[in-house]
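1. Quick one, what's the 3D model for this:
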Amino acid sequence: MKFDPQPVVLEGRHVRLEPLERRHAAAIHTVGCDPELWRWMTIAALTTPADVAQWIEDALRVQATGAEVAFATVRRSDGRVVGSTRFLDIRRPHRSLEIGHTWLAREAQRTAVNTEAKYLMLRHAFETLGAVRVQLKTDRRNAASRAAIARLGAVEEGTLRNYQTRYDGYVRDTVMFSLTAAEWPGAKTRLEGFLQR
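-> From the prediction side, this is the model:
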């Protein structure tokens, strides 16, 4: 099995992850202009259509190099784009990648949309691509994100001090989590239990 993440549609009962395209720009701007969504991110809020257009062009440029795969997060109940997420830090020789650059409209946070999106991405990474490791990371100060990542069954590995500089110059400490292929079956059962509730 070749470890080669590529744009693909991942669909569940609650969410569809579509390869990010320019056609998503207006919908991304509608939900992405909320500054609170970007509070913990390393980039500034997408407040204008030009910001969104540039953000999509940057994502597609990086994707063309094979380093990332970007998705639009679409809620199936109404077909509305409610956020975005990515596979990034793709390390093909090591069969490893990261799930990140994730943001969701406030109305979609703490719903089955987020849980199922992570489930679909993890299942694709481990079962289709043959990953041996999937990592996730977040700002040390973001307690809600840390709890959500731990809830997936990921193991907190430690804090990378002064790891990333935000758009505003703040140098953040980043907490690293991971799941391994050996841990995936247990995490999968756990996530499927959450989704059945």
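
2. Give me the phi and psi for Thr47.
-> Backbone torsions for Thr47, taken as degrees, to the nearest 10, come to phi -90, psi -20.

3. residue ranges of the helices in this structure, please?
-> Counting by DSSP state H, the chain has helices at residues 25-32, 49-64, 112-123, 143-151, 184-196.

4. so of those, which one's packed in deepest?
-> Most buried of the helices of the chain, by mean neighbour count (mean count of other Cβ atoms under 10 Å): helix 112-123, with a mean of 22. (Glycine included, C-beta is placed from N, CA and C.)

5. And the contacts of that one?
-> 10-15, 17, 73, 75, 82, 85, 87, 99, 102, 104, 108, 134, 148, 152, 179, 184, 187-188, 191-192, 194-195 (Cβ atoms under 8 Å, 6 or more residues apart in numbering).

6. Arg172 is nearest to which of the helices of the chain?
-> Closest approach to Arg172 among the helices of the chain is made by helix 143-151 (12.1 Å; Cβ to Cβ).

7. Quick check: mean pLDDT of that closest one?
-> Regarding helix 143-151, the rounded mean pLDDT is 94.

8. Send me that helix as PDB with only the CA atoms.
-> Taking Å, rounded to 0.1, in the frame of the first residue of the first chain, the C-alpha atoms of helix 143-151 are listed here in PDB:
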ATOM      1  CA  ALA A 143      -8.000  24.200  26.800                       C
ATOM      2  CA  ALA A 144     -11.100  23.300  24.700                       C
ATOM      3  CA  SER A 145      -9.000  22.100  21.800                       C
ATOM      4  CA  ARG A 146      -6.800  20.100  24.000                       C
ATOM      5  CA  ALA A 147      -9.800  18.400  25.600                       C
ATOM      6  CA  ALA A 148     -11.300  17.700  22.200                       C
ATOM      7  CA  ILE A 149      -8.100  16.100  20.900                       C
ATOM      8  CA  ALA A 150      -7.800  14.000  24.000                       C
ATOM      9  CA  ARG A 151     -11.400  12.900  23.600                       C
END
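
9. And it, what does it pack against?
-> strand 133-139, strand 155-165, strand 171-180 (3 or more Cβ pairs under 8 Å, 6 or more residues apart in numbering; DSSP states H and E).

10. Which of these has the highest mean neighbour count?
-> Buried most deeply of these, by mean count of other Cβ under 10 Å, is strand 133-139, with a mean of 22.
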